[in-house]
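S.K.: 3D model of this:
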Amino acid sequence: MKRPLLPADCAAVDAVTVAARWLLGGRFIQMGLEKALHPVLFLKLLEQYHMTQSSLALNGIAIVLPWFEIFCGLLVVAGIAVRGAALLLAGLLAVFTAVVLHRALAIQAAGAIPFCAVRFDCGCGGGAEFICAKLRENAAMFLLAAWLLAGRGRALCVRYNWTARGAAQARDAKP
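M.R.: Numbering: from 1, shown residues only. Reported below is the predicted structural model:
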């Protein structure tokens, strides 16, 4: 039988996983709150992407997306359905990154400026940012989500630490 690269009960793995959960979840909570607290600004930023001509669809995205980000972020931070929430966040990151990259390329072409000099408010909740920094941040968050998808570490997870069934599963899973 092949041994895993890192044992599932390793304290270092647990520490990295908790840090990954808190960084990824916290960032999505922050971004979602920024959008939810300023819905008109977020709607105006969404309009700049020209994703849909339907005002109903655009308003629906502006209303639902921030609360979905907050909900998934809270799940990840709390350690509830971590892999499922991480999968959803990875999917959102993939779509957001593609859309932001497309818009940045259009701005670069229109202004004939170097790519990393492109700076705009992408609607992510952080104000105007340089595109290269935003793409690095999204890549880092995607890697955090991928780490969580691997299912490593159960430290400080609600399911495995504060429920009787989860504690029994965690105890039985140890070699």
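S.K.: Show me the shaky parts of the protein.
M.R.: Counting by pLDDT under 70, the chain has low-confidence residues at 1-9, 152-175.
S.K.: immediately after the longest helix along the chain, which helix or strand?
M.R.: The single longest helix within the chain, with elements called by DSSP state H, is helix 82-111. Per DSSP states H and E, the first helix or strand lying C-terminal to helix 82-111 is strand 119-121.
S.K.: Pairing partners for the next helix or strand after that following strand, with directions?
M.R.: The helix or strand immediately downstream of strand 119-121 is strand 128-130, counting by DSSP H and E. Each strand paired with strand 128-130, and its direction, by DSSP bridges: strand 119-121 (antiparallel).
S.K.: thinking residue 82 is in contact with residue 74, fair?
M.R.: No: with contacts counted by CB atoms under 8 Å, residue 82 stays clear of residue 74, the gap being 11.5 Å. Every C-beta, even on glycine, is put in place using the N, C-alpha and C of the backbone.
S.K.: out of the two, which sits in the busier spot?
M.R.: Neighbour count, other CB atoms under 10 Å: between residue 82 and residue 74, residue 82 has more, with 28 against 16.
S.K.: what residues are up against the more buried one?
M.R.: Shown in contact with residue 82 (CB atoms under 8 Å, 6 or more residues apart in numbering): 21, 75-76, 148, 157.
S.K.: is it possible to export those to JSON lines including secondary structure and neighbour count?
M.R.: Compiled in JSON lines, these are given as follows (DSSP: H, G, I helix; E, B strand; the rest coil; neighbours: other CB atoms under 10 Å):
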{"residue": "21", "secondary structure": "helix", "neighbour count": "26"}
{"residue": "75", "secondary structure": "helix", "neighbour count": "21"}
{"residue": "76", "secondary structure": "helix", "neighbour count": "30"}
{"residue": "148", "secondary structure": "helix", "neighbour count": "24"}
{"residue": "157", "secondary structure": "coil", "neighbour count": "21"}
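S.K.: List just the nearest of those residues to residue 49.
M.R.: residue 76 (25.8 Å; CB to CB).
S.K.: From residue 145, how far out is that closest one?
M.R.: 9 Å (CB to CB, to the nearest Å).
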